[in-house]
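*Asks:* Could you look at this predicted model? Sequence included:
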There are 2 protein chains.
Amino acid sequence: MSEHAIPLDAETNAVAMPEDHRDELRLWLRLLTCTTMIEGEVRRRLRERFDVTLPRFDLMAQLDKAPDGMTLSDLSKRMMVSNGNLTGLVERLAASGHLDRRTSETDRRAQVISLTELGRAEFRTMAAEHESWIAAMFGDLSRRDQADLMRLLAKTKMSARRATAGEES
Amino acid sequence: MSEHAIPLDAETNAVAMPEDHRDELRLWLRLLTCTTMIEGEVRRRLRERFDVTLPRFDLMAQLDKAPDGMTLSDLSKRMMVSNGNLTGLVERLAASGHLDRRTSETDRRAQVISLTELGRAEFRTMAAEHESWIAAMFGDLSRRDQADLMRLLAKTKMSARRATAGEES
DNA sequence: ATAGATTATTTGAAGCTTAAAATAACTCGT
DNA sequence: ACGAGTTATTTTAAGCTTCAAATAATCTAT
């Protein structure tokens, strides 16, 4: 097309000049913005309506799905937070009577954490309202949009998992 | 269609029996998982490669886009974090010589924050590598997938903004 | 059985984060 | 010029979060 002395086209240059990944960056920033907006609002409402923090709510949510309790390690993996973090979180929620901790019968290292009746009752009340907040957040998306987004996020999750894992290529 | 004695269909029941929003909840949890995975890995690599925290990187990223500097309030809005949070963050990055703070000439309440040469140089080095990490995270998505995801997240962002804003319906 | 490796949890230090209250500077209508 | 209201920032207290090191219990391969 052009006769100007541009020696290499973009393709050929790909190795010497690092590729442009601004689109992926924009995608990441948008993903982050969505999450931050929703999370911030949920945090605000949990405090306002129930005087509870989001980490405490999240912890109770995990335990509500596990009637027989979970160990700290299980919780740590599921919630993707550090062990040390959970130690303090569990400590505070146990002090307020929302959680029980007992030593595992099969492994004396492990603590099995579970909701007390109080904890379960309070969580379920909060969860019902929480669910409606979330529904409202996604309210402008059609069912089709929601399904598409779900599918694309599943793909993203797997892609990120591969990029994150081992590095063993 | 059916002649069974089910008095009300789902539509009619919507008020009495709260709707089921488990799909939206699943969508939210998946969004959160994707963000948490990527963010955690970025945080880990920033520490490992550059001994820098993610909040510091984010702050520098904002300032890199604003050669003339920004006030704390601007930064607070853009980064969606509290003012008090920024005070400490800026304090630490100024102490390490990455940031300059000067009082605005037109408003003696406002601090104008900008990157020093050191800060800018270090940020650009990190940013180049960071961009390639992010690209790899989304590496399994086709261009089409990326475009679709971008569009759906834009919709989500607007939906959440509406659900979050005023409440004045 | 026992040493060495692994796994579960806790602790400690540093930093991040928020909400709420306090301080200081600006704006606007009179 | 004055006072009321708004805006920019800092401070404080409490809690969250991570990483790294320490402790304790379990598992595994001799």
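*Replies:* Nice, thanks for sending it over.

*Asks:* could you say which helix or strand contains the residue of chain A found nearest DNA strand C?
*Replies:* Going by Cβ to the nearest atom of the strand, DNA strand C is nearest to residue A:84 of chain A, at 2.7 Å. Yep, even glycine has a C-beta here, placed from its N, CA and C like the rest. Using DSSP states H and E, residue A:84 falls within helix A:83-95.

*Asks:* For the residue of chain A closest to DNA strand C, report the pLDDT, please.
*Replies:* pLDDT, residue A:84: 93.

*Asks:* count of neighbours near it?
*Replies:* Residues near residue A:84, counting by other Cβ atoms under 10 Å in any protein chain shown, number 10.

*Asks:* now residue A:122
*Replies:* Neighbour tally, residue A:122, other Cβ under 10 Å: 19.

*Asks:* Give me the residues contacting stretch A:72-90.
*Replies:* A:55-56, A:58-59, A:62-63, A:66, A:70, A:99, A:101, A:110-111, A:113, B:33, B:36-37, B:40 (Cβ atoms under 8 Å, 6 or more residues apart in numbering or on different chains).

*Asks:* Just the C-alpha atoms of that stretch, please, in PDB.
*Replies:* Backbone C-alpha positions of stretch A:72-90 (Å, rounded to 0.1, in the frame of the first residue of the first chain) are rendered in PDB as follows:
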ATOM      1  CA  LEU A  72     -10.000 -23.200  58.800                       C
ATOM      2  CA  SER A  73      -8.100 -24.600  55.900                       C
ATOM      3  CA  ASP A  74     -11.300 -25.400  54.000                       C
ATOM      4  CA  LEU A  75     -12.600 -22.000  54.700                       C
ATOM      5  CA  SER A  76      -9.300 -20.400  53.700                       C
ATOM      6  CA  LYS A  77      -9.400 -22.100  50.300                       C
ATOM      7  CA  ARG A  78     -13.000 -21.400  49.600                       C
ATOM      8  CA  MET A  79     -12.900 -17.800  50.600                       C
ATOM      9  CA  MET A  80      -9.500 -17.200  49.000                       C
ATOM     10  CA  VAL A  81      -8.100 -15.500  52.000                       C
ATOM     11  CA  SER A  82      -5.100 -16.300  54.200                       C
ATOM     12  CA  ASN A  83      -5.200 -18.600  57.200                       C
ATOM     13  CA  GLY A  84      -4.000 -15.900  59.600                       C
ATOM     14  CA  ASN A  85      -6.900 -13.700  58.400                       C
ATOM     15  CA  LEU A  86      -9.500 -16.400  59.300                       C
ATOM     16  CA  THR A  87      -8.000 -17.000  62.700                       C
ATOM     17  CA  GLY A  88      -9.000 -13.500  63.700                       C
ATOM     18  CA  LEU A  89     -12.300 -13.400  61.900                       C
ATOM     19  CA  VAL A  90     -13.400 -16.700  63.500                       C
END
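
*Asks:* How about the longest helix seen in chain A, which residues are buried there?
*Replies:* Longest helix of chain A, by residue count under DSSP state H: helix A:22-50. Buried residues in helix A:22-50, counted by 16 or more other Cβ atoms under 10 Å in any protein chain shown: A:24-25, A:27-28, A:30-35, A:37-39, A:41-42, A:45-46, A:50.
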